[in-house]
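K.L.:
Curious how this folds, go ahead:
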Amino acid sequence: MALRGSFLAVLWLMALTGCYTYTSIASAPAPGTRMALDLTDLGRVQLADHVGPEVARVEGWLVSLTDSVYTLRVERTISTRGGATPWSGEQVRVNTAWVGLSREKRFSAPRTVILAGSVTAAFVGFLVKQGLIGSAQGGDVTPPPPPPVGQ
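P.N.:
Residues are numbered from 1 along each chain as shown. Below you'll find the predicted structure:
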């Protein structure tokens, strides 16, 4: 049972991460836009007291944008080592000079379809391997002969 739970947890994590893509921002984003701000070295140093040490990226929803400051409702931060730290929507102000790259996080329908097909195929394969569903091939259904009479 633990194996099945672990398998489903991995599939769920794949589904959560596989359905989005980051795109460059061509114009000023509107409030409510999901964003990822990749920090410069100076940005990491300046924001260490606010978002933690070694934060490479801040992700969240744009609250406002001026010529010099992004205000985000933070969803999570990503460290320089790749670890993610979830946040609860606290607002953080990030100077635009501290941002090396700003991107928009968008839902990706093609990636979602590919992921859903892959997950479905993996799940069906798992069920077949575990013997929870059978194949269309039937076995020998002839009953065994009766025992000899009189013995």
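
K.L.:
contacts, neighbours, all on C-alpha from now
P.N.:
Noted.

K.L.:
could you point out where this protein is predicted with low confidence?
P.N.:
1-18, 107-118, 134-141, 151 (pLDDT under 70).

K.L.:
what lines up beside whatever helix or strand residue 23 lives in in the sheet?
P.N.:
In this structure, residue 23 sits in strand 20-24 according to DSSP states H and E. Neighbouring strands of strand 20-24 in its sheet, by DSSP bridges, are strand 99-107 (antiparallel).

K.L.:
List the buried residues of the partner strand.
P.N.:
99, 102-105 (16 or more other C-alpha atoms under 10 Å).

K.L.:
before we move on, what about stretch 68-80?
P.N.:
69-79.

K.L.:
so what's residue 95 closest to, chain neighbours aside?
P.N.:
Distances taken as C-alpha to C-alpha, 6 or more residues apart in numbering put residue 69 closest to residue 95, at 4.4 Å, once the chain neighbours are dropped.

K.L.:
List the residues that contact the one you found.
P.N.:
93-96 (C-alpha atoms under 8 Å, 6 or more residues apart in numbering).

K.L.:
Mind putting these into JSON lines with distance to residue 149?
P.N.:
Compiled in JSON lines, the contacts of residue 69 are given as follows (distance: C-alpha to C-alpha, whole Å):
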{"residue": "93", "distance to residue 149": "92"}
{"residue": "94", "distance to residue 149": "92"}
{"residue": "95", "distance to residue 149": "95"}
{"residue": "96", "distance to residue 149": "95"}
